[in-house]
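Trainee: The sequence isn't on hand, but the structure is:
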């Protein structure tokens, strides 16, 4: 009997020699819905595009997420938040910053809306103001923010760059802003120092450089160097810049490298590597590695051809991509994937599919070319990843219980 018990213990031990995650999807509840805190139409007397009509905040609630809107995870221990900022173009004028407190699972507008001045002014159709309100800029205009939001952990700030403005023509701007959680305010950083970013159009009101419809940025923050890396895809070519928040300086790093137009990424801090997943405009899958071990000289390569099991995440449009430091893997959740997500190991270039029950319900109102962007983020301190897939539905969390090991008696 003793011998049998020893063999049973050995079998269980060998089966548990690797960390096992008790993974499950958890509905965070109605108190995390953006729709529960969206301001009323016409909040603060705001009108929309010179028509005199009340700014449609509540009426356009769904577009806070659906309108190519991004997000960012505040990873400060004890103050973890999942934040969403978006709207833009003709879809939504709401420039509010919505954040879910992940300790209490409650949402709040931590800023905004700054609002348009009564009577219009440069906020009218075609004016495309970069900042709001017209009478004294205190915040960025609502934009299709896509993957242009990152959290700077060193300073507890959100970096916002690029996006299609809330106005008739929806210029993609190159404006740079920082949001400080304390005291809870935005500050515009333009003009930045260093190398000017690509520019094809000037906004009529204040001469701000705008990219027209040239690119959607895909930005990441590197905690090792303290830099924000900006990948600017233009028709299959990526221009890579870095932004140093401590000196407010842009630097051009790569003038032209092949890459997809609809990829999202994150920094694998342990490997000093940017990992990006997403398809190009022709529907071809891509898995991009950008080596940033020398931050001033990044090296980019597409490793999809040598990868295994990565067809689905690499063929997604702007999937949610987030590095999880606990197991040193990158997690990917494409839009409307339900309980299915993917993990990626850059050492083996292998993706693993995880198909769990439950998960966020589908959002049927997504535009075909919109994605998840930064609205899927992993939090090592909480051992979970969080996704906001719909402004009118609950946020969900992928619960990653801490690894447990056998062989202890």
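Mentor: All right, it came through fine. Everything quoted here is computed from the prediction, not taken from an experiment.

Trainee: How about the contacts made by the residue nearest to residue 42 when sequence neighbours are not counted?
Mentor: In this structure, residue 42 finds its nearest non-sequential neighbour in residue 54, 3.0 Å apart by C-beta to C-beta, 6 or more residues apart in numbering. Every C-beta, even on glycine, is put in place using the N, C-alpha and C of the backbone. Residues in contact with residue 54 (C-beta atoms under 8 Å, 6 or more residues apart in numbering) are 41, 42, 46, 47, 48.

Trainee: Residue 298 touches residue 240, doesn't it?
Mentor: Yes. Using C-beta atoms under 8 Å, residue 298 is in contact with residue 240, at 5.6 Å.

Trainee: Need the residues touching each of these two.
Mentor: 229, 253, 254, 290.

Trainee: In helices only, show me these.
Mentor: Counting by DSSP state H, no part of the shared contacts of residue 298 and residue 240 is found in helices.

Trainee: And these, which is closest to residue 176?
Mentor: Closest approach to residue 176 among the shared contacts of residue 298 and residue 240 (C-beta to C-beta): residue 229, at 13.8 Å.

Trainee: For that closest one, give me its contacts.
Mentor: Applying C-beta under 8 Å, 6+ apart, the residues near residue 229 are 219-222, 240-243, 253, 267, 274, 290, 292, 298.

Trainee: now do residue 331
Mentor: So residue 331 contacts 321, 322, 323, 324, 341, 342, 343, 344, 376, 378, 385, 398 (C-beta under 8 Å, 6+ apart).

Trainee: Please report how far it lies from residue 277.
Mentor: 11 Å (C-beta to C-beta, to the nearest Å).

Trainee: swap in residue 354?
Mentor: According to C-beta to C-beta, residue 354 and residue 277 sit 15 Å apart.

Trainee: and if you look at residue 366?
Mentor: With C-beta to C-beta as the criterion, residue 366 and residue 277 are 18 Å apart.

Trainee: quick one: which of those two has more around it?
Mentor: residue 277 (31 against 20; other C-beta atoms under 10 Å).

Trainee: shouldn't that one be in contact with residue 264?
Mentor: Yes. Using C-beta under 8 Å, residue 277 is in contact with residue 264, at 6.6 Å.

Trainee: Now list whatever residues contact both of these two.
Mentor: Listed as contacting both residue 277 and residue 264 by C-beta under 8 Å, 6+ apart are 319, 321.

Trainee: Tell me how many other residues surround residue 188.
Mentor: Every residue meeting other C-beta under 10 Å relative to residue 188 is counted, giving 17.

Trainee: Could you do the one 4 residues further on as well?
Mentor: By the other C-beta under 10 Å criterion, the neighbourhood of residue 192 contains 19 residues.

Trainee: try residue 183
Mentor: Neighbours of residue 183 (other C-beta under 10 Å): 5.

Trainee: Of the contacts of residue 331 - the most surrounded one?
Mentor: residue 321 (33 neighbours).

Trainee: Show the low-confidence segments of the stretch 101-250 of the chain, by residue range.
Mentor: Scanning the stretch 101-250 of the chain for pLDDT under 70 picks out 116-128, 134-137, 168-170, 196-215.

Trainee: one step back: of the contacts of residue 331, just say which sits nearest to residue 109.
Mentor: Taking C-beta to C-beta as the measure, residue 376 is the one of the contacts of residue 331 closest to residue 109, at 21.2 Å.

Trainee: and the closest residue to residue 336 other than its chain neighbours, what does it touch?
Mentor: Of all residues not flanking residue 336 in the chain, residue 362 sits nearest, at 4.3 Å (C-beta to C-beta, 6+ apart). Each residue near residue 362 by C-beta under 8 Å, 6+ apart is listed here: 336, 338, 389.

Trainee: And these, which is closest to residue 177?
Mentor: residue 389 (25.3 Å).

Trainee: how about the closest one, phi and psi?
Mentor: phi -110, psi -10 (degrees, to the nearest 10).

Trainee: what about residue 392, how many neighbours?
Mentor: Neighbour tally, residue 392, other C-beta under 10 Å: 16.

Trainee: so who does it touch?
Mentor: 33, 34, 35, 61, 62.

Trainee: what about 6 Å?
Mentor: By C-beta atoms under 6 Å, 6 or more residues apart in numbering, the contact list for residue 392 reads 35, 62.

Trainee: Next, it: secondary structure please.
Mentor: Secondary structure, DSSP: H, G, I helix; E, B strand; the rest coil: residue 392 is coil.

Trainee: Got phi/psi on it?
Mentor: phi -100, psi 10.

Trainee: what does the model give it for pLDDT?
Mentor: pLDDT for residue 392: 97.

Trainee: Give me the distance between it and residue 90.
Mentor: For residue 392 relative to residue 90 (C-beta to C-beta), the value is 20 Å.

Trainee: for residue 265, same thing?
Mentor: In this view, residue 265 and residue 90 are 28 Å apart by C-beta to C-beta.

Trainee: cool, residue 311 as well?
Mentor: Residue 311 is 35 Å from residue 90, by C-beta to C-beta.

Trainee: the more surrounded of those two?
Mentor: Per other C-beta under 10 Å, whichever of residue 311 and residue 90 has more neighbours is residue 90, with 17 against 14.

Trainee: so what's residue 95 closest to, chain neighbours aside?
Mentor: residue 142 (4.2 Å).

Trainee: quick one, strands of the stretch 51-200 of the chain?
Mentor: Per DSSP state E, counting those that start in this stretch, the stretch 51-200 of the chain carries strands over the ranges 70-74, 81-85, 97-101, 106-111, 131-132, 139-140, 143-144, 149-152, 157-161, 164-165, 172-173, 176-180, 185-188, 193-194.

Trainee: Excluding chain neighbours, what is closest to residue 163?
Mentor: In space, residue 163 is closest to residue 143, 2.8 Å off (C-beta to C-beta, 6+ apart).

Trainee: which residues pair with that neighbour across the strands?
Mentor: residue 165 (DSSP bridges).

Trainee: Count the neighbours of it for me.
Mentor: Using other C-beta under 10 Å: residue 143 sits among 32 other residues.

Trainee: I'd like the mean pLDDT over the helix or strand residue 332 falls within, please.
Mentor: Residue 332 is part of strand 329-333 when elements are defined by DSSP states H and E. Regarding strand 329-333, the rounded mean pLDDT is 98.

Trainee: Kind regards, and thank you for your time.
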